[in-house]
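1. Could you work out the structure for the sequence below:
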Amino acid sequence: MKRILLGSLLAATALNAFAEAPGGPGCGWGNMLFKGQRGLPSHLVASTTNGTSGNATFGMTSGTNGCSTKGALSYNGKPMIVLGSIMDELSEDMAKGEGEALTTYAVVLGVQPEDRAHFAAVTHQHFSEIFRSADVTAEDVHAATLAVLKNDARLAKYAEQA
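-> Sure, this is the predicted structure:
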């Protein structure tokens, strides 16, 4: 249970870390000071500058500092942090067709509460396709899960947004 909660917390943190910067990609004094620079150190210092001085927040509320709240936030990563930490539990739950790890995975994929029982049933039915071998990786499981979801009329929308 603790591993599932920790995995969920890490996923939530990752979602925030990899989303488009609030206010847009050019928002805040940190972005102004380090404009054109690349690499992790520049991004970290720019982010710290924006966060500690509060100028990005001010810019978003006032429409200054190159900030805008009109764009949609996005996430271009994969839920590998959660999936990697619950692989054993997920394989057991998917084989049974129910369980906390399976529910956590459904939540990370954005499956709405009303579709989670169907998600559990479909992934249970396709367990051997999703977990093809004992040494399957989190990336393999994720790709296979999305392939299964794409072939289900009710769950296809979740494969598109993942």
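2. First-to-last residue distance for stretch 33-49?
-> With C-alpha to C-alpha, to the nearest Å as the measure, stretch 33-49 spans 9 Å from end to end.
3. mind starting the numbering at 22 from now?
-> Done: numbering now begins at 22, and the last item shifts to stretch 54-70.
4. Show the contacting residues for residue 175.
-> Contact criterion C-beta atoms under 8 Å, 6 or more residues apart in numbering gives 136, 139 as the residues in contact with residue 175. The way it works is simple: take the backbone N, C-alpha and C, and place the C-beta from them, glycine included.
5. For stretch 81-88, C-alpha coordinates in PDB please.
-> Presented in PDB, the C-alpha positions along stretch 81-88 are these (Å, rounded to 0.1, in the frame of the first residue of the first chain):
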ATOM      1  CA  MET A  81       0.400  35.600 -14.700                       C
ATOM      2  CA  THR A  82      -2.100  37.700 -12.700                       C
ATOM      3  CA  SER A  83      -1.100  41.000 -14.300                       C
ATOM      4  CA  GLY A  84      -0.300  39.800 -17.800                       C
ATOM      5  CA  THR A  85       3.300  41.100 -17.600                       C
ATOM      6  CA  ASN A  86       6.800  39.500 -17.500                       C
ATOM      7  CA  GLY A  87       6.000  37.600 -20.700                       C
ATOM      8  CA  CYS A  88       3.400  35.600 -18.900                       C
END
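6. Domain-wise, how is this protein divided?
-> The chain breaks down into these domains under automatic domain parsing: 41-94, 101-182.
7. Is it possible to get TSV of these that adds mean pLDDT?
-> TSV is the format used below for those (pLDDT from 0 to 100):
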stretch	mean pLDDT
domain 41-94	72
domain 101-182	91
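8. right, so those: which one is the most enclosed?
-> Most buried of the domains of the chain by mean neighbour count (mean count of other C-beta atoms under 10 Å) is domain 101-182; its value is a mean of 17.
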